[in-house]
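**Q** Generate a structure from the sequence data that follows.
(one chain, ligands or ions: 2)
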Amino acid sequence: MIELQKVNKSFGEKQVLFDVDAVFHKGKTNLVIGASGGGKSVMLKCMVGLVTPESGKILYDNRDFLQLDYQDVRAIRREIGMLFQGTALFDSLNVEDNVGFPLRMFSPMSEEERRERVNFCLKRVNLENSNNKYPSELSGGMKKRVGIARAIALDIKYLFCDEPNSGLDPITSRVIDDLLHDITHEFNITTIINSHDMKTVYDIGENIIFMHQGRAFWEGSKEEIAVARKELPELDHFIHASFIE
Ligand SMILES: Nc1ncnc2c1ncn2[C@@H]1O[C@H](COP(=O)(O)OP(=O)(O)OP(=O)(O)O)[C@@H](O)[C@H]1O
Ligand SMILES: [Mg+2]
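**A** Ligands and ions are numbered 1, 2, ... in the order given. I've put the predicted structure just below:
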């Protein structure tokens, strides 16, 4: 479980996160939704340490990420998998070396152990026998799956995905959604997915956090959204604008 308490972040004069409180549950797909510019990516960057908030707490199973020393932060980083907007694969490395990269960086595995783990992860995302292909030879959906295999290469506890469906067609988007959902449950991961795709919310959302103008405006289950939107015009407007009724 990850808990944010009163997290504030500004860039210069501009405040983009305001006293953000949110809970991301273990073994669940936690979906962060909201209009563009609402602070979803900045919140996620704060959580993984790419940007530092001015105040607040970020608790990884009660370990305060912002107060830990270098060694303890590094230990948490090893427990984190990330799937970036776009694919962020290394173009000059083949699939096997892309997936094996975090293992090379962070684990003492032998070459053979590493290959076994890479093959396990590739099998899990239904990409067997693609080890020697280069990113330029893969479709968008395949690249995402390599990204997921790389994200789970280390034995992770937390998985962060920023717009995992961006640039994918609707059918491939569902494949990626299902994969993220299934992996979350199989490995009991705390998964955080930024999305503005309401279809993703209705398909795989288990805990929903609605960000609006830098605030965690509402949090609940997808079953509760139907009621909540009647009372919150901001949430209603967002759902309406997503054209799924
Ligand atoms: N490095 C930065 N420097 C200055 N402002 C920034 C920086 N990063 C983000 N912002 C601002 O913070 C606000 C929130 O941006 P953020 O990227 O978190 O939105 P988002 O909810 O992820 O939007 P989208 O759905 O388009 O991805 C925006 O106004 C953005 O311009
Ligand atoms: Mg974003």
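**Q** I'd say K45 and T52 touch.
**A** No. The pair K45 / T52 is not scored as a contact, 9.4 Å apart, by CB atoms under 8 Å. Placement of C-beta: from N, CA and C, glycine included.
**Q** what about those two, which has more around it?
**A** Each of K45 and T52 has its neighbours counted (other CB atoms under 10 Å); K45 has more, 16 against 10.
**Q** Checking that one next. Helix, strand or coil?
**A** Per DSSP: H, G, I helix; E, B strand; the rest coil, the local secondary structure of K45 is helix.
**Q** what's the closest non-adjacent residue to it?
**A** Closest residue to K45 in three dimensions, ignoring its sequence neighbours and counting by CB to CB, 6 or more residues apart in numbering: V51, at 4.5 Å.
**Q** next one: E206
**A** Nearest to E206 is K28, by CB to CB, 6+ apart, at 4.1 Å.
**Q** List the contacts of the one you found.
**A** Residues near K28 by CB atoms under 8 Å, 6 or more residues apart in numbering: T184, T190, T191, E206, N207.
**Q** Extract the residue ranges of this protein that are flagged as low pLDDT.
**A** The model of the chain has pLDDT under 70 over residues 243-245.
**Q** and it, which residues reach ligand 2?
**A** The chain has residues K40, S41 near ligand 2, with proximity defined as CB under 5 Å from the ion.
**Q** For ligand 2, give me its nearest residue in the chain.
**A** Residue of the chain nearest ligand 2, by CB to the ion: S41 (3.1 Å).
**Q** ok, back up a step: show me the contacts of K28 that map onto helices.
**A** If you go by DSSP state H, the contacts of K28 have T184 in helices.
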